[in-house]
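1. Need coordinates for the below:
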Amino acid sequence: MTLSELVLLLVTVSIGTAGQFLLKLGALKLAGVEASSFLGKIIGIATIPEIITGLMCYGLGAVGYILLLSRIKLSIVGPSIALGYVLSVVVGHFAFREQIPFSRLVGVGLIVCGVILVVWER
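-> Model prediction:
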């Protein structure tokens, strides 16, 4: 993996994580949306700016993923995208004050080790 491919991977993962963060912010606002029907709920979701922006981030992340797939093997890119799980735990802890139990910390460490092993080229 070249440096530019690594940067594209990290940007793609970061954009996806930003999308998750924004969707969570929007979901917290969604609890206050009053809607008696399914259609009303959909309209309520569609009017929350954080949700719209989060979905746009997901779309940009998908474009980055496609660009990565055009350059790198799926067997490398697919597992590497798991770094998004790591960033989600970090964002959840700092932005939403979510606790990180020891078992989750071990899991995140295993993900990082796994990604390193997948992308490591001799």
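
2. Identify each buried residue in the helix or strand Cys113 falls within, please.
-> Following DSSP states H and E, one finds Cys113 within helix 102-119. In terms of neighbour count (16 or more other CB atoms under 10 Å), helix 102-119 has its buried residues at Val108, Ile111, Val115, Val118, Val119. (Each C-beta comes from the backbone N, C-alpha and C, glycine too.)

3. longest helix of the protein?
-> helix 3-30 (DSSP state H).

4. Please identify the buried residues of it?
-> So helix 3-30, judged by 16+ other CB under 10 Å, has buried residues 5, 8-9, 12-26, 30.

5. for stretch 61-72, same thing?
-> Gly61, Gly64, Tyr65, Leu67, Leu68, Ile72.

6. Reformat those residues into TSV and put secondary structure, distance to Glu50 and pLDDT next to each item.
-> Formatted as TSV, the buried residues of stretch 61-72 follow (DSSP: H, G, I helix; E, B strand; the rest coil; distance: CB to CB, whole Å; pLDDT from 0 to 100):
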residue	secondary structure	distance to Glu50	pLDDT
Gly61	helix	16	96
Gly64	helix	21	96
Tyr65	helix	22	96
Leu67	helix	26	96
Leu68	helix	26	95
Ile72	coil	31	93
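
7. The helix or strand of the chain with the lowest mean pLDDT packs against which elements?
-> Counting by mean pLDDT, DSSP states H and E, the weakest-scoring helix or strand in the chain turns out to be helix 38-46, with a mean of 80. Judged by 3 or more CB pairs under 8 Å, 6 or more residues apart in numbering; DSSP states H and E, the packing partners of helix 38-46 are helix 3-30.

8. just how off-centre is the helix it packs on within its chain?
-> 4 Å (CA atoms, centre = their mean, to the nearest Å).

9. swap in stretch 104-118?
-> Worked out by CA atoms, centre = their mean, stretch 104-118 lies 16 Å from the chain centre.

10. avg pLDDT for it?
-> Averaging pLDDT along stretch 104-118 yields 95.

11. Show me what it is in contact with.
-> Ser75, Ile76, Pro79, Ser80, Ala82, Leu83, Tyr85, Val86, Val89, Ile100 (CB atoms under 8 Å, 6 or more residues apart in numbering).
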